[in-house]
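Colleague: here is a sequence together with a model predicted from it:
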Amino acid sequence: MKPHATALPHTSPQKRRATLLLVEDHQSVRDLLQENIRDRLGLRVVVAGDVDEALTSAERHHPDLAIVDIGLPGPNGIELVRRLRRVDPSVRILIYSSMQNVQVARGVMQAGTQGFVEKSEPLSVLRQAITAVLAGKIWFSPGFNALMREALVNPGPDPHLSHLTPREREVLLLVAQSHSSKEVATKLGISVKTAENHRTNLMRKLGIHDTAALVRFTYRHNLLDPRLG
């Protein structure tokens, strides 16, 4: 009698786990979130505590999703989002922050994020948002949705202003008041090289190429603050 062949069970290739980049400067919060997301959602989680670490991790791991806190040391989270987009335009972004105001809403919209979750919300809400954004959807907390509507109705004096970090705004006002880089450095307690770097960056973001145009910009938008004189 001819032996009969036994069919082997069909095996499908294992589905790749999505990689999530978690950018949070408080280690206790970072550790808690990493464990919760990894255990509850089964995702691969890599962490970073500041902008430089985040960009290095993005280049190395090519995450599917980045969770970004706005209040990071140095360049803020909105600036990080812009830099992450340059590293990998396909990465999806979810902001996780306690900072909520119209200016933040403008920055979040202009940076092209896919969601915003308030830190005061339960972790279950964050997990729902992660699942939705990874599935190609968007997720904004109800309170933040209201801020975005307000930002759309009142877009502000110039959308480029939201691209500036708080330090760049300080440098902008001082330079517009004819302070040299050395004077700016002294007033802000930073090095001359750092002051010059801030000046270069803010002029690039505003699309301004000389000090005279910078002065006109500050007057046009009523930005000059006599307390910085």
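Modeller: That came through, no problem.
Colleague: the strands in this protein, which residues?
Modeller: Listed in chain order, the strands of the chain (DSSP state E) span 19-23, 44-48, 65-68, 92-97, 115-118, 139-140.
Colleague: for E24, give me its contacts.
Modeller: In this structure, E24 makes contact with 30, 33, 47, 49, 67, 69, 96, judged by Cβ atoms under 8 Å, 6 or more residues apart in numbering. (Glycine included, C-beta is placed from N, CA and C.)
Colleague: tell me who's in contact with the residue nearest to P75 when sequence neighbours are not counted.
Modeller: Excluding the flanking residues, the one nearest P75 by Cβ to Cβ, 6 or more residues apart in numbering is V51, at 4.9 Å. If a contact means Cβ under 8 Å, 6+ apart, then V51 has 23, 72, 74-75, 79-80, 83 as its contacts.
Colleague: domain map for this protein?
Modeller: Under the assignment automatic domain parsing, the domains of the chain span 19-153, 159-228.
Colleague: now the shortest one: average pLDDT?
Modeller: Confidence over domain 159-228, taken as the mean pLDDT, stands at 79.
Colleague: number of residues surrounding the nearest residue to V215 once chain neighbours are set aside?
Modeller: Distances taken as Cβ to Cβ, 6+ apart place A176 nearest to V215, at 4.9 Å, with adjacent residues excluded. Applying other Cβ atoms under 10 Å, we find 19 residues neighbouring A176.
Colleague: picking up where we left off before, can I get the strands of the chain in TSV with mean pLDDT and mean neighbour count?
Modeller: Listed next are the strands of the chain as TSV, based on pLDDT from 0 to 100; neighbours: other Cβ atoms under 10 Å:
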stretch	mean pLDDT	mean neighbour count
strand 19-23	98	24
strand 44-48	97	19
strand 65-68	97	26
strand 92-97	95	24
strand 115-118	94	23
strand 139-140	90	20
